[in-house]
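>>> no FASTA, just this:
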């Protein structure tokens, strides 16, 4: 399963990067495959319990320093699929390349 989530500290001002870094550090130290972009951190694992434990600990890391925390979460629950973080993106890129090749051939 893949979970994309965003943890936002509230009540700490506009610059929240150092708080978000605390959450991302927890994810990276988990050893699970993960990716962070400008809006979300995605983490991939075998089970709901495994992935949600990482999310819970990431939120807790922000809670330690922020008076309030907002969590947005989206999950792709698909048993038996591994390396979805990479394979899903590769599939989209392949389709884009195929479309570009078709356009150039015209």
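Happy to help now that I have it. None of these values were measured; they are calculated from a predicted model. Numbering: from 1, shown residues only.
>>> Figure out the helix or strand that residue 5 lives in.
strand 2-10 (DSSP states H and E).
>>> partners of that strand, with directions?
Paired neighbours of strand 2-10 in the sheet (DSSP bridges): strand 41-44 (antiparallel), strand 68-76 (antiparallel).
>>> Point out the most buried one among these.
strand 41-44 (a mean of 22; mean count of other Cβ atoms under 10 Å). Just so you know, the C-beta spots here come from the backbone N, C-alpha and C atoms, and that holds for glycine as well.
>>> how far out from the middle of the chain is it?
Mean-position distance between strand 41-44 and its chain equals 3 Å (Cα atoms, centre = their mean, to the nearest Å).
>>> so which of the strands paired with strand 2-10 gets nearest residue 34?
strand 41-44 (4.5 Å; Cβ to Cβ).
>>> Report the buried residues of the next helix or strand along the chain from that closest one.
Later in the chain than strand 41-44, the nearest helix or strand by DSSP H and E is helix 48-63. By neighbour count on 16 or more other Cβ atoms under 10 Å, the buried set for helix 48-63 is 51-52, 54-55, 58-59, 61-63.
>>> quick one on the thing from earlier: taking helix 48-63 as reference, get the angle to the strand holding residue 5.
20 degrees (axes from the mean of the first three to the mean of the last three Cα atoms, to 10 degrees).
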